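K.L.:
When you get a sec, could you give me coordinates for this:
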Amino acid sequence: MSESRPAVLFVCVHNAGRSQMAAGFLRAVAGDRVDVYSAGSEPADQVNQVAVAAMHEVGIDIVGQTPAILTTDAVRTADVVVTMGCGDACPVFPGKRYEDWELQDPAGLPLEDVRPIRDDVRARVERLVTSLSV
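P.N.:
Sure, this is the predicted structure:
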């Protein structure tokens, strides 16, 4: 990890649901103690509105986020790369910490089915923060 603060990159295919929720939780929990990034191998046009609604229920606003394309530089910048179903699309660099979180894709699901995914993401982010010692 860098001397200042660790950088975490969340990656999923569309960068519209899981990775955006994870980034929202990490920003809320860690504040400015962690640099938070998210990206997708095939980014959507906008963040999943059901994910936005699910996060709003717990007081976190991700409505202003925009899906971004995954770049090699983003992976190079990160100390921790958390993948969520992007398979082999994520480049691997030696010395980086990688975690693969198996989470259901919330795309196309109703809010009641997205809530458990959101809660799973929150629990994983909380464990991640603890492991970063920030």
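
K.L.:
tell me the contacts of the nearest residue to D100 once chain neighbours are set aside?
P.N.:
Using CB to CB, 6 or more residues apart in numbering and skipping the chain neighbours, the partner closest in space to D100 is T83 (4.9 Å). Every residue, glycine included, has its C-beta placed from N, CA and C. Applying CB atoms under 8 Å, 6 or more residues apart in numbering to T83 gives the contacts V11, C12, C90, Y98, E99, D100, W101.

K.L.:
Going by length in residues, pull out the top helix of the chain.
P.N.:
helix 111-132 (DSSP state H).

K.L.:
hang on, isn't S19 packed against C12?
P.N.:
Yes - taking contacts as CB atoms under 8 Å, S19 lies within contact range of C12: 4.2 Å.

K.L.:
what kind of secondary structure is the residue nearest in space to the middle of the chain in?
P.N.:
For the chain, S19 is the residue whose C-alpha lies nearest the centre (CA atoms, centre = their mean; 2.9 Å). Here S19 is helix, with the state taken from DSSP: H, G, I helix; E, B strand; the rest coil.
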